[in-house]
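Participant: dropping a prediction and its sequence here:
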Amino acid sequence: MVRVLKLELKGITKRFGSLVANDHIDVVVEPGQIHCLLGENGAGKSTLMNVLYGLYEPTEGEILVDGKPVTFRGPGDAMAAGIGMVHQHFMLVPVFTVAENVALGAETTKAGGFLDLDDTRRKIREISDRYGFDVDPDALIEDLPVGVQQRVEIIKALVRDAKVLILDEPTAVLTPQDTDELLDIMRQLKSHGTSIVFISHKLREVKAVSDTITVIRRGKVVGSADPGASTTELASMMVGRAVNLTLDKAPARPQEITFQVKDLTVIAPSGQHVVDGISFDIARGEILAVAGVQGNGQTELTEAILGLQDRVHGSILLDGEELVGRSVKDVLNSGVGFVPEDRSLDGLIGTFSIAENLILDRYDQAPFAKGISMSPAKVLENAKTRIEEFDVRTPSGSLAAGTLSGGNQQKVVMARELSRPLRLFIASQPTRGVDVGSIEFLHKRIVAERDQGTPVMIVSTELDEVMELADRIAVLYKGRLVGIVPAGTGREVLGLMMAGVSPQDAHADTAGKQPAQRPADDPANSRPDNPAEPPATNPATAAHPAQEPGSGAVGDDHE
Amino acid sequence: MSTTATPPVPGKPVQPQPVPTLADKNRKHTVSAKPVTWKLPVTLLVLAVVAFIFFGVLGPQSTAKFGVSSGGDFFQLPAIEVPAFLSGIVLSVAMLGLAGYAMFLKTKNARPPRWVPALFTVLFVVAFLIWVVGGARTPSISLAGLIAGSVTLAVPIVFGSLSGVLCERAGVVNIAIEGQLLGGAFTAALVASLTHNPYLGLLAAAVAGALVSMVLALFSIKYVVNQIIVGVVLNVLVSGLTGFLFSTVMQSDPEKYNSPGELPIIEIPVLSGIPVIGSILFKQSVVGYLMYVAVAVIWVALFKTKWGLRVRAVGEHPQAADTLGIKVNATRFWNVTLGGAVAGIGGSFFTLVAIDSFTKEISGGRGFIALAAMILGRWNPIGAFFAALLFGFADNLQSIVTIIGTPVPSQFMAMLPYVVTVFAVAGLVGRSRPPAADGIPYVKG
């Protein structure tokens, strides 16, 4: 670990047709530093890194390694130059073992091209021991939890002797605990001389580990920032205007309970109980946020309520009416609004116009339908009002919905679902892949719906969003309800719960470990909230804003 | 189980529940995702009952005779004689026992071990064989001949399924095996006839198979055309082309264009005299020996070498392979080409070993059987080899049984290979998982 490497990107431009993804970007990664590329989704960070890693060829500009210009014709060249990358979606072969994945592409062989996996196993153990990874070289990737898979990716890069490690949105798939562990690993790597390019839009993490921050907006470098800068400053740089990170949310005024889920079990085609005996209820005028790591039954839970799942046991009552066993249309018509987690797959028809997308659930009802014909004028008229009301940025409602940006697409979905009287509103991942400006707006609309007296259920894997919106938080783990805790419950407690620890144990655990595990120079952990002392007042009221002033994907301010 | 109906209680978790501890987080999922089903026990029970009724209760009251040694063996073993009725009862009761065991396991929600269906299959086949032979007009067959014939019929199927394995492990679906076999068979006949050298014919067959495959590779990899469609079209194309050239060129002067001459059978001294296995392993043509070599070499290459690791990675997760600097599409292209060459050699078996001339459609759909063998063998060269043997066995049994005369109509016997396919692929062999990126073209970006 003696050789260090200085990496420079000079005037990198990458065009896809008329789209300019990167516009004359200059970045210098000093040896032994954690350099953060901060930017919103779609700002061009990943494109830039794919250029650096040899996956794309830059249209213009050059890459310099230790001052010498280099050309990467493929990832092989980049790796040879000492650059490693951990992709957001792991590049691991699920049916291979850890050793096979690590060996792939950089195999040690005996005579005749025979694999020498023992050599790879030895290297894995060596790196594993050095950084305390605890990875079994003979485990199958598909059997490993996500956090461990990510370590395998890091090992892959280190085995190839990477001097610069690119981490592309590495925390997107992790629990808060795993995230903290990853940040520790990054510091360790740095102390061993590896430089890290850390791509993220989560301010909390960026501030916690970065030495240098370069902010990218719309494919351009807009400046660099000091990790000590406040989150509000960073967020403003990232978005390009002043943003309000705190959601002005009045305290909830829960009324009577109208939505009840009792002993709900959903059985997947594989026979697995993906939702396992869940019971909860939501009062009118209240937001229940369902938290959990992706894939712990959230999708199936919402789909079961909507009638999209076949094997559902238990009971779902809305105003005393049973929803289980009814058709989707029936459920929608009984006043359930539903924002699906994947808008491009389930929320919109990309090739249909915005106006048509806005009436997908009411195309057969007056005023849009007359007998068997539709009334296009009414459809367009509706679109005009909705577009205005929801601030959808588009020149016309007759454009295809697929041409809109993520945030605007989500506004269309939300506008459709909120444009009829509701008795229950469910939003799954309401702000995934949405720009900060739209997040603000969407959150406000959700709260407004609550204030009108609708029971609201939010499903989100973004802990920041959950803490921002919730009046109560339900945590799912492996299809089971770990517990329901009040808003204002600390990040650490929620994180432990997301890993399956019961709320009591989580409280006890965080209370016990806190002083010992918190280095004073680590801003990520020195949070104002103290889970050992749960809020004394109603968490939905005064205690909340003081503790979690974060805003969705932007992270939160803890200065 | 229901949560409180009140608004959040300050400072107090509302719904504590016993849940797994943190240790659970890093533990691998030990619970199998797939539940134990009734499929296997019930299938076994039905088959066992069928066996009990037909092979046992209604079985023939005769003695079935199985010859073991053939004339050329260096020592002679006496023929095996079994009382058909008694053995039918014994074997089917054993099968009922196995089915019962599987059911017992199911009630305890345990998965029956792999040997249960395997042993069951063996018992069933043996019982079936005794029943068929015992009921025949001349209740005697040569076991050695039956097995040797099975291997002979299996040779092109083995090569075809190896071609499938090579292509699909790299992520390209190869429906064109039939066309590759046929192309190989035709070219072998033509070149061997013209050069009067069957070995050159063999070489030409490999080249022809590779050329057919290159068309598949070009269209499915470079031009991203649907692989199934290209494969089917290629089969039709090769069939039409060889048929046309057969009737226009070969028929015009069969002496000159369609008398390839046979590849000699090479006997290994002494070893070829071992009863039963001697003639299978040590009394083959070059193509037969090449088959064993190919199975072994391809297996070792796929699972023990750097090349194989890369090929499998390309078939499972091409993006991952690409990010590690492996050329996905080039790997695929050359694998498909190699597969075609292997199938071409298999095709030469028809015209250089089995029959010494080419006729239209000489491959007779064995390319598709090879595809089934590849699936049955779970994309593994050795598995595919045994699956192909099974088809060869069913095929050969069918023709032998027709000759010795059985109570079963020959049409039903002719269905045997396909019935075997259906049962085998329908899950009696357990889960079979194709390479994850099989059939999905890889386009960068």
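Facilitator: Done, it's in.
Participant: what about residue 184, which helix or strand?
Facilitator: No chain specified, so I'll use chain A. helix A:176-191 (DSSP states H and E).
Participant: my question was about chain B, not that one.
Facilitator: Using DSSP H and E, B:G184 sits within helix B:177-195.
Participant: quick one: distance of that helix to the chain centre.
Facilitator: Averaging C-alpha positions (C-alpha atoms, centre = their mean, to the nearest Å) puts helix B:177-195 22 Å from its chain's average.
Participant: okay but A:F198 is in contact with A:V209, surely?
Facilitator: Yes. If you go by C-beta atoms under 8 Å, A:F198 and A:V209 touch, sitting 6.7 Å apart. From N, CA and C alone the C-beta is placed, and that goes for glycine too.
Participant: remind me which residues of the stretch 301-445 of chain B are low pLDDT?
Facilitator: Where the stretch 301-445 of chain B drops to pLDDT under 70, the residues are B:423-432, B:445.
Participant: close to chain A: what parts of it are there?
Facilitator: Residues of the stretch 301-445 of chain B found near chain A (C-beta under 8 Å from any C-beta of the partner chain) are B:304-307, B:309-310, B:312-313, B:316-317, B:319-327, B:433, B:436, B:444-445.
Participant: show only the entries of these found in helices.
Facilitator: Under the assignment DSSP state H, those contribute B:304, B:306-307, B:309-310, B:312-313, B:316, B:319-323 to helices.
Participant: name the next helix or strand downstream of the helix holding A:D184, please.
Facilitator: Next along from helix A:176-191, by DSSP H and E: strand A:195-200.
Participant: hang on, the earlier thing: out of the residues of the stretch 301-445 of chain B next to chain A, which are buried?
Facilitator: Using 16 or more other C-beta atoms under 10 Å in any protein chain shown as the burial test, those include B:304-307, B:309-310, B:312-313, B:316-317, B:319-326 as buried.
Participant: what about the strands in the stretch 201-350 of chain A?
Facilitator: Per DSSP state E, counting those that start in this stretch, the stretch 201-350 of chain A carries strands over the ranges A:212-217, A:220-225, A:257-267, A:273-283, A:287-291, A:312-318, A:321-322, A:336-339.
Participant: neighbouring strands of the third one in the sheet, and parallel or not?
Facilitator: By that I understand strand A:257-267. Paired neighbours of strand A:257-267 in the sheet (DSSP bridges): strand A:273-283 (antiparallel), strand A:312-318 (antiparallel).
Participant: out of these, deepest packed?
Facilitator: Burial of those is given as mean neighbour count (mean count of other C-beta atoms under 10 Å in any protein chain shown); strand A:273-283 ranks first at a mean of 22.
Participant: and for it, what's in contact with it?
Facilitator: A:254-268, A:288, A:297, A:300-301, A:304, A:314, A:424, A:455-457, A:474, A:476, A:478-481, A:484, B:1-3, B:5, B:7, B:15 (C-beta atoms under 8 Å, 6 or more residues apart in numbering or on different chains).
Participant: what about it, distance to the chain center?
Facilitator: 23 Å.
Participant: stretch B:58-76 too?
Facilitator: 28 Å.
Participant: that one - what's its average pLDDT?
Facilitator: The pLDDT scores in stretch B:58-76 average 75.
Participant: that one: end-to-end distance?
Facilitator: Using C-alpha to C-alpha, to the nearest Å, the end-to-end distance of stretch B:58-76 comes out at 34 Å.
Participant: again, but for stretch B:294-314
Facilitator: Termini of stretch B:294-314 sit 22 Å apart (C-alpha to C-alpha).
Participant: now stretch A:323-330
Facilitator: From its first residue to its last, stretch A:323-330 covers 9 Å (C-alpha to C-alpha).
Participant: try stretch A:93-103
Facilitator: With C-alpha to C-alpha as the measure, stretch A:93-103 spans 12 Å from end to end.
Participant: in chain A, which residue is most central in space?
Facilitator: A:A172 (4.8 Å; C-alpha atoms, centre = their mean).
Participant: now that one: closest residue in space that isn't a chain neighbour?
Facilitator: Leaving aside its chain neighbours, A:A172 sits nearest to A:Q88 (6.1 Å; criterion: C-beta to C-beta, 6 or more residues apart in numbering or on different chains).
Participant: give the buried residues for stretch B:363-371.
Facilitator: Neighbour-count burial for stretch B:363-371, counted by 16+ other C-beta under 10 Å, picks out B:S363, B:R366, B:G367, B:F368, B:I369, B:A370, B:L371.
Participant: which other residues reach that stretch?
Facilitator: Contact with stretch B:363-371 is made by B:156-161, B:163-164, B:174-182, B:185, B:235, B:343, B:346-347, B:350, B:388, B:391, B:417, B:421, as judged by C-beta under 8 Å, 6+ apart.
Participant: just the ones of those in helices?
Facilitator: B:156-161, B:163-164, B:177-182, B:185, B:235, B:343, B:346-347, B:388, B:391, B:417, B:421.
Participant: low-confidence stretches in chain A?
Facilitator: Ranges of chain A meeting pLDDT under 70: A:1-4, A:245, A:512-559.
Participant: mind running it again at 50?
Facilitator: Residues of chain A meeting the criterion pLDDT under 50: A:1-2, A:514-559.
Participant: how many neighbours does A:V164 have?
Facilitator: 25 (other C-beta atoms under 10 Å in any protein chain shown).
Participant: again, but for B:D356
Facilitator: Residue crowding around B:D356 was assessed by other C-beta under 10 Å; the count is 18.
Participant: for it, what are its contacts?
Facilitator: Applying C-beta under 8 Å, 6+ apart, the residues contacting B:D356 are B:S259, B:P260, B:G261, B:E262.
Participant: most neighbours among those, which one?
Facilitator: Among the contacts of B:D356, the one with the most neighbours (other C-beta under 10 Å) is B:P260, at 28 neighbours.
Participant: just how off-centre is stretch A:26-42 within its chain?
Facilitator: Mean-position distance between stretch A:26-42 and its chain equals 20 Å (C-alpha atoms, centre = their mean).
Participant: other SSEs contacting the helix or strand containing B:V126?
Facilitator: If you go by DSSP H and E, B:V126 is part of helix B:115-135. Secondary-structure packing of helix B:115-135 (3 or more C-beta pairs under 8 Å, 6 or more residues apart in numbering or on different chains; DSSP states H and E): helix B:39-51, strand B:63-67, helix B:84-107, helix B:381-404.
Participant: tell me which residues of the helix or strand following that helix are tucked away?
Facilitator: Remark: after helix B:115-135, the chain's next helix or strand is strand B:140-142, criterion DSSP H and E. Of the residues in strand B:140-142, B:I141, B:S142 count as buried by neighbour count, 16+ other C-beta under 10 Å.
Participant: what helices or strands is strand B:140-142 leaning on?
Facilitator: Packed next to strand B:140-142, using 3+ C-beta pairs under 8 Å, 6+ apart, are strand B:63-67, helix B:381-404.
Participant: repeat the analysis, applying 10 Å as the threshold.
Facilitator: Packing contacts for strand B:140-142, counted by 3 or more C-beta pairs under 10 Å, 6 or more residues apart in numbering or on different chains; DSSP states H and E, involve strand B:63-67, helix B:115-135, helix B:381-404.
Participant: turn the ones you listed into a markdown table, including mean neighbour count.
Facilitator: Output for those, formatted as a markdown table (neighbours: other C-beta atoms under 10 Å in any protein chain shown):
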| stretch | mean neighbour count |
| --- | --- |
| strand B:63-67 | 18 |
| helix B:115-135 | 20 |
| helix B:381-404 | 21 |
